[in-house]
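# Everything below, folded, please.
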Amino acid sequence: MQLIFNSETDALSVVEQLYNFERVGKILIAENIDFRALELAVSLAEVSFPAFSFPIVSSLRSRLPFPRHERECTDEKTPKIYVACLSAYNAGHLHGLYIDATQEPEEIEDDIKWMLSWSPVVHDKACEEWAIHDYENWMGIKIDEYEDIGKLAKLATILEEHGKAFAIYYNYYGNDVTVEDFEEYYLGLYESKEDFVYQQWDECGQLQELEKLGISSYYINWEGIANDWFIDSYLSIKTSYQEVHVFIRH
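Numbering: from 1, shown residues only. You can find the predicted model right below:
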């Protein structure tokens, strides 16, 4: 790519701040350009931004900077995956895109194809292979490098609806669980196992029956009852202080 400045002085003041550029008069020549670095160098030199000239090639080539902002998922809470072009990665380039995993599988695949089409090595190599090199907001669920896109989309949608509780259930019982299983066996979030037992007694009217008999709940061994309940019937998973998720064992 060639950058054509208004004068040789302008080109000289910019090239002094950049790497891997060759200067011929008022023209700077480079194979690959870091556009952020170029913008900074032009700003510091206080010169006009250069015009671009592309060498004539035997096939059509896109020489524009990767418009990542057009499709990249920037939401801080949405489950997303960072998909990288393996051809670029093997050639020493980091090229990829954070993709919203709550989309339909076809939309995720379309984003991947779009990312690959902008690969910096697309004109020299077949850019068809990709891998998941990072992921965010999956609440502790581990994502494989070559995870099935359909499975990811379904899992991300469930997580967005049910949150951390489903992630805990998924990690405990394995990746074959269904949302139907979760909805059937998840009983809720409590401060402790004893709190769960107390609320169950309250909902069933047992506390009221004790009060009729003149027995205060203060004398009930809630810890002992909870220990009995959680041996066979219930499962508790503590995630933080006064945060216990309770499930029916199965």
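# distance between the ends of stretch 216-223?
16 Å (Cα to Cα, to the nearest Å).
# oh, I was asking about stretch 69-82
14 Å.
# chain center to it, what's the gap?
Distance of stretch 69-82 from its chain centroid, counting by Cα atoms, centre = their mean, to the nearest Å, is 6 Å.
# Pull the number of nearby residues for L116.
23 (other Cβ atoms under 10 Å). Every residue, glycine included, has its C-beta placed from N, CA and C.
# Going forward, count from 619.
Sounds good: first residue 619 from here, last item L734.
# helices and strands of this protein: which one bottoms out on pLDDT?
None of the helices or strands of the chain scores lower by mean pLDDT, DSSP states H and E than strand 669-671, at a mean of 70.
# by contact count, what packs against the very next helix or strand once past it?
The C-terminal neighbour of strand 669-671 among helices and strands, as given by DSSP states H and E, is strand 698-703. Where contact means 3 or more Cβ pairs under 8 Å, 6 or more residues apart in numbering; DSSP states H and E, strand 698-703 is packed against strand 714-718, helix 723-735, strand 748-754.
# Could you give me the buried positions within the next helix or strand after strand 698-703?
Sequence-wise, the next helix or strand downstream of strand 698-703 (DSSP H and E) is helix 704-708. Buried residues in helix 704-708, defined by neighbour count with 16 or more other Cβ atoms under 10 Å: L704, S705, A706, Y707.
# Please apply the same query to stretch 827-843.
I838, W840, I843.
# Need those residues in JSON lines (columns: secondary structure).
Output for those, formatted as JSON lines (DSSP: H, G, I helix; E, B strand; the rest coil):
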{"residue": "I838", "secondary structure": "coil"}
{"residue": "W840", "secondary structure": "helix"}
{"residue": "I843", "secondary structure": "helix"}
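# and the gap between L658 and I767?
37 Å (Cβ to Cβ, to the nearest Å).
# cool, I761 as well?
Counting by Cβ to Cβ, the gap from I761 to I767 is 11 Å.
# what do you get for Y804?
Y804 is 27 Å from I767, by Cβ to Cβ.
# Looking only at neighbour counts, state which of those two leads.
I767 (21 against 17).
# Got phi/psi on that one?
phi -60, psi -40 (degrees, to the nearest 10).
# what about it, distance to E722?
Noted for I767: a distance of 10 Å to E722, by Cβ to Cβ.
# Could you do K811 as well?
40 Å.
# starting at the chain centroid, how far to stretch 723-740?
16 Å.
# What average pLDDT does it get?
For stretch 723-740, the mean per-residue pLDDT is 94.
# Dihedrals phi and psi, A785?
Dihedral angles of A785 (phi, psi; degrees, to the nearest 10) stand at phi -60, psi -40.
# swap in V864?
Residue torsions, per degrees, to the nearest 10, at V864 are phi -120, psi 130.
# pLDDT score for it?
On the pLDDT scale, V864 gets 98.
# that older thread, Serialize the buried residues of stretch 827-843 to CSV and add fields for distance to F784.
Converted to CSV, the buried residues of stretch 827-843 look like this (distance: Cβ to Cβ, whole Å):
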residue, distance to F784
I838, 32
W840, 28
I843, 28
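# Show me which of those residues is closest to S625.
The shortest approach to S625 among those belongs to W840, at 83.7 Å (Cβ to Cβ).
# List the contacts of the closest one.
E812, V815, Y816 (Cβ atoms under 8 Å, 6 or more residues apart in numbering).
# roughly how far apart are it and V739?
For W840 relative to V739 (Cβ to Cβ), the value is 64 Å.
# pLDDT weak spots in this protein?
For the chain, the stretches with pLDDT under 70 are 619, 671-682.
# where does F865 land in three-state SS?
Assignment for F865 (three-state DSSP): strand.
# check contacts around it.
Y787, Y790, Y803, Y804, L805, Y852, L853, S854, I855.
# So which of those residues wins on neighbours?
Busiest of the contacts of F865 [other Cβ under 10 Å] is Y787, holding 21 neighbours.
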